[in-house]
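> Here is my input; please provide its structure:
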Amino acid sequence: MSQGKFYKKIVCIGAGYVGGPTMTVIANKCPDYKVTVVDISQPRIDAWNSDNLPIFEPGLKDRVERSRGKNLFFSTEVDKEIDEADIIFVSVNTPTKTFGEGAGKAADLQFVEKTARRIKEISRSNKIVIEKSTLPVRSAETLEKILHSGKNSVQFEILSNPEFMAEGTGINDMENPDRILIGSKDTPSGLAARDELVKIYAHWVPKEKVLTTNLWSSELSKLVSNAFLAQRISSINSISAVCEATEADVQEVAYSVGKDSRIGEKFLMAGVGFGGSCFRKDILNLVYLCEHYQLNEVAEFWKQVVTINDYQIERFVKRILRSMFNTLVGKKIAVFGFAFKPDTGDTRDTPAISICRRLLEEKAQLSITDPHALENAKKDLAGLAGVEFEPDPYKAVKGAHCIASLTAWKQFQKLDYQKIFDAMEKPAFIFDGRNHLDHQKLFDIGFNVYPVGKPALLHF
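The predicted structure is shown next:
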């Protein structure tokens, strides 16, 4: 039992897109627990302690302000908080390796290992250590070997508790989850640790939504969930290419297919491809796992999901090029949206990066506008000539030859497109990479409209 007024003390190592929001919700729902988020980055922690949080997520700021300083804290005192904690969530970065064995597929686990070694070195009391980062199957085994190595008498129980939050709806996903998944060892101490984590979620999650499995099933379930979702996106995007060739309408096809209860309606929106920190990384991790176990046919199946995603991005760029008379040299393109999805400022693996780089290769001039992602966009395209970042979409389109709509922000749907059309060069083109705009209205204004997976609406 922890000292003081709190039942238990929780520390989360990693103040990123997972750690910060997850711990904020736990602190809100569990006032009897002290929740501390630690990170070695002083600027990041300073931002969490300010009015300008380091990430944008609807509802996050209100909840941070509700608990911060009461039972929610953000700190760089990593060692102190590890020592005092009863429960440790590990939520550090696990990017795809860019070097050595498994480069381009395997997860880079150096930060996880360093964290485990630090926990082992600092801890003077027994602790529950929870994998929150997305990790390869059997990573818990590696953590356990490190934590229990040497002469350390401290006992650690390892749990897997993958996150299933989607950026843009992350707070609601945590507060009203489809399920909470907890993997543990089937031992008395492992089950006791599992029950301690169940007790936390029981503050707000119905019992029937808390699923318990062995460690390996929990670790694999996270990879498989993201792989299945990405596979649906690539599937409908592949069909969008067929629709454009045959003059079918991908939205009508998706609606019809989605009405089949065996298939369902979600994740059947054609677009320029998936992005974010998880989908590509987790699929490639799954590919690497399959290759490791010599399941080569399975690996090839999942590779194709990524291949189709890359194909969709390149196909979108080529459609712009061909439609605008096979040259983009000196032409201004207003890019509407850079975040990988609306309601987030996250640009990790966003299709916009590849699309903008390709357009710049064609010597186009870009003016990028986005409600929350411009600072990240500047970092992603740093050093590239021919690009400007404009918060005001009406200024971004001035003198533009076309608009490339890459993120389905609701703000873009509400713009005055007559005013935008009047400010652009003619003929004016709009390429709706998310199929979220009113195409007929745009055509009636005078635009040449190119949706994804539908016939173009043209004035010539």
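> In the stretch 301-450 of the chain, what residue spans correspond to strands?
Using DSSP state E, counting those that start in this stretch, the strands of the stretch 301-450 of the chain run over 332-336, 365-369, 387-389, 402-405, 429-432, 448-451.
> Residue 348: which of the ones you listed is closest?
Among these, the nearest to residue 348 by C-beta to C-beta is strand 365-369 (16.4 Å). Using the backbone N, CA and C atoms, a C-beta is placed for each residue, glycine as well.
> Compute the distance from the centre of the closest one to the centre of its chain.
In terms of C-alpha atoms, centre = their mean, to the nearest Å, the centre of strand 365-369 is set 23 Å apart from its chain centre.
> Please apply the same query to stretch 165-183.
With C-alpha atoms, centre = their mean as the basis, stretch 165-183 stands 13 Å off its chain's centre.
> what comes up buried for it?
Under the neighbour-count criterion of 16 or more other C-beta atoms under 10 Å, stretch 165-183 has 165, 167-171, 173-174, 177, 180-183 buried.
> Between the two ends of that stretch, what distance do you get?
One end of stretch 165-183 sits 18 Å from the other (C-alpha to C-alpha, to the nearest Å).
> Stretch 426-444 now?
Note: stretch 426-444 ends 15 Å apart using C-alpha to C-alpha.
> Off-centre distance for it?
Chain-centre distance of stretch 426-444: 27 Å, with C-alpha atoms, centre = their mean.
> what comes up buried for that stretch?
For stretch 426-444, a neighbour-count test (16+ other C-beta under 10 Å) marks 427-437, 439, 442-443 as buried.
> Stretch 451-460 too?
By 16+ other C-beta under 10 Å, the buried positions in stretch 451-460 come out as 451-454, 456-457.
> I'd like the buried residues of stretch 426-444 written out as CSV, with distance to residue 395 added.
Output for the buried residues of stretch 426-444, formatted as CSV (distance: C-beta to C-beta, whole Å):
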residue, distance to residue 395
427, 21
428, 16
429, 19
430, 17
431, 20
432, 21
433, 21
434, 22
435, 25
436, 22
437, 19
439, 24
442, 20
443, 24
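> my guess is residue 109 contacts residue 93, does it?
No - counting by C-beta atoms under 8 Å, residue 109 sits too far from residue 93 to count as a contact (10.2 Å).
> Flag the shaky bits of this structure, pLDDT-wise.
For the chain, the stretches flagged by pLDDT under 70 are 1-4, 136.
> how does it look with 50?
When residues are selected by pLDDT under 50, those of the chain lie in 1-3.
> before we move on, the earlier item: possible to save the buried residues of stretch 165-183 as CSV with secondary structure and distance to residue 344?
Formatted as CSV, the buried residues of stretch 165-183 follow (DSSP: H, G, I helix; E, B strand; the rest coil; distance: C-beta to C-beta, whole Å):
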residue, secondary structure, distance to residue 344
165, coil, 11
167, coil, 4
168, coil, 5
169, coil, 9
170, helix, 8
171, helix, 12
173, helix, 12
174, helix, 15
177, coil, 18
180, strand, 22
181, strand, 23
182, strand, 26
183, strand, 28
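> Closest to residue 341 out of those residues?
Closest to residue 341, out of all of these and judged by C-beta to C-beta, is residue 168, at 5.5 Å.
> Apart from its chain neighbours, what residue comes closest to the closest one?
For residue 168, ignoring the flanking residues on the chain, the nearest one in space by C-beta to C-beta, 6 or more residues apart in numbering is residue 343 at 3.4 Å.
> how far away is the one you found from residue 170?
Distance, residue 343 to residue 170, by C-beta to C-beta, to the nearest Å: 9 Å.
> How about residue 257?
For residue 257, the distance to residue 170 - C-beta to C-beta - is 28 Å.
> ok, back up a step: would you mind grabbing the residues shared as contacts by residue 343 and residue 170?
Taking C-beta atoms under 8 Å, 6 or more residues apart in numbering as the criterion, residue 343 and residue 170 both touch residue 57.
> any chance you could map the helices in the stretch 51-200 of the chain?
Under the criterion DSSP state H, counting those that start in this stretch, helices of the stretch 51-200 of the chain are mapped to 60-67, 78-84, 110-122, 139-147, 170-175, 188-201.
> Alpha carbons of the second one, as CSV, please.
The one in question is helix 78-84. This file holds the C-alpha atoms of helix 78-84, laid out as CSV (Å, rounded to 0.1, in the frame of the first residue of the first chain):
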residue,chain,number,x,y,z
VAL,A,78,11.9,9.7,-13.7
ASP,A,79,14.0,7.9,-11.1
LYS,A,80,12.1,9.3,-8.1
GLU,A,81,8.7,8.4,-9.5
ILE,A,82,9.8,4.9,-10.6
ASP,A,83,11.0,4.3,-7.0
GLU,A,84,7.8,5.4,-5.4
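> what packs against it?
Packing partners of helix 78-84 (3 or more C-beta pairs under 8 Å, 6 or more residues apart in numbering; DSSP states H and E): strand 8-13, strand 33-38, helix 110-122.
> List the buried residues of it.
78, 81-82, 84.
> got a list of contacts for it?
Residues outside helix 78-84 that contact it (C-beta under 8 Å, 6+ apart): 2, 9, 11, 13, 36, 38-40, 75, 88, 118-119, 122-125.
> contacting residues around the nearest residue to residue 354 once chain neighbours are set aside?
Leaving aside its sequence neighbours, residue 354 sits nearest to residue 313 (C-beta to C-beta, 6+ apart; 5.0 Å). Contacts for residue 313 (C-beta under 8 Å, 6+ apart) come out as 272-273, 351, 354-355, 358.
> one more time with 10 Å
Residue 313 is in contact with 237, 272-275, 351-355, 358, 433, counting by C-beta atoms under 10 Å, 6 or more residues apart in numbering.
> try residue 423
Applying C-beta under 10 Å, 6+ apart to residue 423 gives the contacts 334, 394-400.
> Quick check: the gap between it and residue 195.
Taken as C-beta to C-beta, the span from residue 423 to residue 195 is 62 Å.
> Can you point out the buried residues in the longest helix belonging to the chain?
Using DSSP state H to assign secondary structure, the helix with the most residues in the chain is helix 215-246. By 16+ other C-beta under 10 Å, the buried positions in helix 215-246 come out as 215, 218-223, 225-227, 229-241, 243-244.
> mind giving me CSV with the helices and strands packed on helix 78-84 and columns for distance to residue 207 and mean neighbour count?
Shown next, in CSV, are these (distance: least, C-beta to C-beta, whole Å; neighbours: other C-beta atoms under 10 Å):
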stretch, distance to residue 207, mean neighbour count
strand 8-13, 20, 25
strand 33-38, 19, 25
helix 110-122, 30, 17
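> so residue 439 makes contact with residue 453?
No - using C-beta atoms under 10 Å, residue 439 is not in contact with residue 453, being 11.8 Å away.
> Report the residue ranges of every domain in this protein.
The chain breaks down into these domains under automatic domain parsing: 8-205, 247-460.
> can you tell me how far the closest residue to residue 75 other than its chain neighbours sits from residue 44?
Closest residue to residue 75 apart from its sequence neighbours, by C-beta to C-beta, 6+ apart: residue 38 at 5.3 Å. Counting by C-beta to C-beta, the gap between residue 38 and residue 44 amounts to 10 Å.
> export stretch 10-18 as CSV, just CAs?
C-alpha atoms of stretch 10-18 as CSV (Å, rounded to 0.1, in the frame of the first residue of the first chain):
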residue,chain,number,x,y,z
ILE,A,10,0.9,4.9,-10.9
VAL,A,11,3.7,6.2,-13.0
CYS,A,12,3.7,6.2,-16.8
ILE,A,13,7.0,6.4,-18.6
GLY,A,14,6.5,8.3,-21.8
ALA,A,15,4.4,11.5,-22.2
GLY,A,16,3.4,11.1,-25.8
TYR,A,17,0.2,10.5,-27.7
VAL,A,18,-0.6,7.4,-25.7
